[in-house]
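J.: The amino acid sequence is not available; the structure is as follows:
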């Protein structure tokens with residue numbers, strides 16, 4: 001256990017017992033005005049952040065917040081998002097959520113980190129991903145409605161629209177997942193089939 005040293009002349013033998021490990025407290029004290037210890041992973045900084053928050057030490061917290069925005073920590077955006085949301089670091093949480101858009105949140109490798117998120121943090125993240133997922137499809141639907149207003153036959157949608165429109169290309173090109181896992185968000189062939197079926201089922205005469 002870690003205890004504060006007593007003054008040699010102090011008659012008291014009372015020791016202050018702290019919950020943190022010796023390594024965590026030593027790192028915390030080193031950050032406070034002394035050369036920094038190696039802070040190279042989330043496993044190292046998380047207990048330090050927790051202790052700094054507990055003992056109200058804004059200096060170490062500001063150093064670690066800055067450190068979290070370096071490439072070595074940004075490479076794990078979900079872990080950064082977990083810490084940033086927990087401690088109300090809004091700028092870092094926003095940056096981490098943006099970086100998470102390249103990840104497939106349903107991949108098993110991310111489940112341990114997702115389990116550390118609060119309900120509000122998890123919902124906010126999934127809402128962001130869902131909104132992004134349906135944004136391109138929403139734009140394409142709006143363009144198809146405008147096309148039907150101009151030419152109700154619908155052939156403009158089927159003959160060229162779903163191939164050439166910028167909104168259509170955005171849907172077919174949309175991907176989810178990181179560098180090792182990428183999948184299309186919209187099946188082009190199936191989507192075209194469904195749209196064609198809907199148009200063909202529409203009334204053709206009075």
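T.: Perfect, thanks for sending it. Being a predicted model, the structure only gives us computed values, none of them experimental.
J.: can you list the domain ranges for this structure.
T.: The record's domain split for the chain, according to automatic domain parsing, is 22-103, 122-200.
J.: mean pLDDT for the ones you listed: which is lowest?
T.: Ranked by mean pLDDT, the domains of the chain end with domain 122-200 at the bottom, a mean of 85.
J.: What is the distance between it and the centre of its chain?
T.: Relative to the mean C-alpha coordinate of its chain, domain 122-200 is positioned 24 Å out (C-alpha atoms, centre = their mean, to the nearest Å).
J.: What distance separates the opening and closing residues of that domain?
T.: With C-alpha to C-alpha, to the nearest Å applied, domain 122-200 spans 41 Å between its terminal residues.
J.: Export the domains of the chain to a markdown table and append columns for distance to residue 113.
T.: Heads up, the C-betas are built off the backbone N, CA and C, glycines and all. What follows is the domains of the chain, written out as a markdown table (distance: least, C-beta to C-beta, whole Å):
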| stretch | distance to residue 113 |
| --- | --- |
| domain 22-103 | 4 |
| domain 122-200 | 11 |
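J.: can you list those domains in CSV and add mean neighbour count and distance to residue 111?
T.: Shown next, in CSV, are the domains of the chain (neighbours: other C-beta atoms under 10 Å; distance: least, C-beta to C-beta, whole Å):
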stretch, mean neighbour count, distance to residue 111
domain 22-103, 16, 10
domain 122-200, 14, 11
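J.: right, so of these, which gets closest to residue 116?
T.: Ranking the domains of the chain by proximity to residue 116 (C-beta to C-beta) places domain 22-103 first, at 4.9 Å.
J.: just the strands in this structure please.
T.: Secondary structure of the chain, counting by DSSP state E: strands at 175-176, 183-184.
J.: quick one: residue 167 and residue 145 touch, right?
T.: No: when contacts are counted by C-beta atoms under 8 Å, residue 167 is not listed as touching residue 145 (11.5 Å).
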